[in-house]
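> output the structure for:
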Amino acid sequence: MAEVTVSFVTPAKGGEKTVIELDEDMNLDSSGSVKKFFRYGETAYFRAYSPLPASVRAVSSDGSITEHGLGTETVSGEFIPFTESDEAGAKYPVREIVSSVWLGKSLGNVKKSGAYSVSCEIEPDAAGESGVGLLELTYSSGFKRFGITLPKKSRPEYPVLIYVFQE
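As a prediction, this is how the structure comes out:
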């Protein structure tokens with residue numbers, strides 16, 4: 001049995017950052033558990049999160065890539081520290097803030113400030129009166145769903161490259 005390794009690459013310069021992950025909603029086995037391993041001929045689905053998901057494209061060094069539409073996910077309970085700046089990054093692109101809760105000291109109202117960032121109204125100051133803050137953030141994020149299907153190979157190890165980029 002061959003072991004296939006899939007690597008994802010995004011452009012080194014320019015464009016927005018893209019976060020790529022297996023699509024756990026689509027990659028389910030017959031018992032409803034999330035699959036991490038796939039046989040030749042099966043489609044493995046992945047998501048490309050981007051501020052502009054409709055313009056994301058993917059091409060591969062082997063097999064066939066298919067597009068399976070756009071989606072929105074609510075990212076719940078991401079903890080975001082504010083220590084040296086009134087702006088901090090989120091893991092996924094922030095489309096809209098659903099809720100925000102300061103755990104302990106509040107640094108004021110929170111708003112979206114960039115494709116992957118949020119800001120608070122009070123500048124953190126570790127040595128000063130405002131201190132630092134930890135925010136629990138729930139927000140919506142957009143993605144494009146793709147699938148890759150690989151034909152059978154006769155090599156014991158087989159690497160595949162998927163290049164994900166913005167048009």
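> give the buried residues for the lengthiest strand in the chain.
Using DSSP state E, we find that the single longest strand of the chain is strand 64-82. When burial is assessed from 16 or more other CB atoms under 10 Å, strand 64-82 yields the following buried residues: 65, 75, 80, 82. Yep, even glycine has a C-beta here, placed from its N, CA and C like the rest.
> any idea how far T138 is from the third one?
Right, the one you point to is I80. 11 Å (CB to CB, to the nearest Å).
> find the nearest non-adjacent residue to the residue nearest the centre of the chain, please.
The residue lying closest to the centre of the chain (CA atoms, centre = their mean) is V19, at 3.5 Å. Closest residue to V19 apart from its sequence neighbours, by CB to CB, 6 or more residues apart in numbering: Y49 at 4.1 Å.
> partner residues bridging the one you found?
Following DSSP bridges, Y49 is listed with bridge partners V19, F143.
> surely it meets D23?
No: taking contacts as CB atoms under 8 Å, Y49 lies outside contact range of D23: 10.9 Å.
> so between these two, which is more surrounded?
A side-by-side neighbour count of Y49 and D23, using other CB atoms under 10 Å, places Y49 first with 23 against 19.
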